[in-house]
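Chemist: I would like the atomic coordinates for the input below:
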Amino acid sequence: MNRSVRLLELLQILRRHRRAVSGQVLAEELGISLRTLYRDIAALQAQGADIEGEPGVGYILRPGFMLPPLMFSPEEIEALVLGSRWVSSRADNDLNDAARNALAKIEAVLPSDLKAHLRDSGLLIVGGERGSDGVIDASLVRRLIREERKVEMAYADASGRASERTVWPIALGYLDKQRIIVGWCELRQDFRHFRTDRVVTLTPLPGRYPRRRTQLLKEWREHVGISPPPL
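Modeler: Numbers count the residues shown, from 1 in each chain. Here you go, the predicted structure:
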């Protein structure tokens, strides 16, 4: 276990204890010496962790401390790298740039051993190709979803026949080769899925739609039988 991972584990152990826990118990759980434990406690305190206590008395972590980015485990870093590479190969240019910028910010504050792990990750995204959004701007759709805005949409079906819809967009699904707008369709009075490459025109309307997106998304998941994604 490298030091960064060990410090993360020490914080998690302290979080599990509501009362002061002795250094000996902490050292045994981590499989380290008391001397190493005391150094690790001092290192976490220097990073801003509100750990109270002293040798012979015990230690307790006060609430409110947030893990700094340097506390990512190697597995968490691999998840971030893999997700970033998937976005770069499947999503639009704006999300591609955002993923690269996010990784650069994380790399800037990682210790040297974890920086190397980030740069040299052996996880690859193989095959597939970036889907087409046709005439619409995916970044605009994402903004309208965040703002809970209605849109006027001309949408073509598989035969090319276009219909005018007023839609409440609630989600944007990224499939392997396609992107799907999930929304409430006023014409059909039901949830509908719209392929972005079949949208002929998309015009934002003023004001928000009358219901909260979170509630609509919950109803859509129940409608199609999809469980909420893990946090």
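Chemist: hang on, residue 153 in a strand?
Modeler: Yes. Assigned with DSSP: H, G, I helix; E, B strand; the rest coil, residue 153 falls within a strand.
Chemist: what's the distance between it and residue 197?
Modeler: Noted for residue 153: a distance of 13 Å to residue 197, by Cβ to Cβ, to the nearest Å. C-beta: built from backbone N, CA, C; applies to glycine.
Chemist: So which of those two has more stuff around it?
Modeler: residue 153 (24 against 15; other Cβ atoms under 10 Å).
Chemist: per-residue pLDDT, the residue of the chain most remote from its centre?
Modeler: Within the chain, residue 56 marks the point farthest from the mean C-alpha position, 41.2 Å out by Cα atoms, centre = their mean. With respect to pLDDT, residue 56 has a value of 80.
Chemist: next one: residue 193
Modeler: Residue 193 is given a pLDDT of 94.
Chemist: any idea which element it lies in?
Modeler: strand 190-195 (DSSP states H and E).
Chemist: What values do phi and psi take at residue 173?
Modeler: In terms of degrees, to the nearest 10, the main-chain angles of residue 173 are phi -90, psi 130.
Chemist: Contact partners for it?
Modeler: 179-182, 193 (Cβ atoms under 8 Å, 6 or more residues apart in numbering).
Chemist: List buried members of those by neighbour count.
Modeler: Among the contacts of residue 173, those classed as buried by 16 or more other Cβ atoms under 10 Å are 179-182.
Chemist: what are the ranges of the helices in this protein?
Modeler: 3-16, 23-30, 34-46, 74-90, 93-109, 112-119, 138-147, 213-224 (DSSP state H).
Chemist: What is the strand holding residue 193 packed up against?
Modeler: Other elements packing on strand 190-195 under the criterion 3 or more Cβ pairs under 8 Å, 6 or more residues apart in numbering; DSSP states H and E are strand 162-174, strand 179-185, helix 213-224.
Chemist: So for the closest residue to residue 142 other than its chain neighbours, what's the pLDDT?
Modeler: Of all residues not flanking residue 142 in the chain, residue 172 sits nearest, at 6.1 Å (Cβ to Cβ, 6 or more residues apart in numbering). pLDDT recorded at residue 172 is 91.
Chemist: Next, count neighbours for the residue lying closest to residue 20 once chain neighbours are set aside.
Modeler: Leaving out its chain neighbours, the residue that sits closest to residue 20 by Cβ to Cβ, 6+ apart is residue 58, at 3.4 Å. Neighbours of residue 58 under the rule other Cβ under 10 Å: 17.
Chemist: Residue 15 too?
Modeler: 11.
Chemist: ditto for residue 219
Modeler: So residue 219, with other Cβ under 10 Å, has 14 neighbours.
Chemist: ok, now which ones touch the closest residue to it other than its chain neighbours?
Modeler: Closest residue to residue 219 apart from its sequence neighbours, by Cβ to Cβ, 6+ apart: residue 191 at 7.7 Å. Contacts for residue 191 (Cβ under 8 Å, 6+ apart) come out as 182-185, 219-220, 223-224.
Chemist: any idea how far residue 191 lies from residue 217?
Modeler: 10 Å.
Chemist: follow-up on the earlier one: could you identify which of the helices of the chain has the lowest mean pLDDT?
Modeler: helix 112-119 (a mean of 73).
Chemist: how distant is that helix from the center of its chain?
Modeler: Put simply, helix 112-119 sits 21 Å off its chain's centre (Cα atoms, centre = their mean, to the nearest Å).
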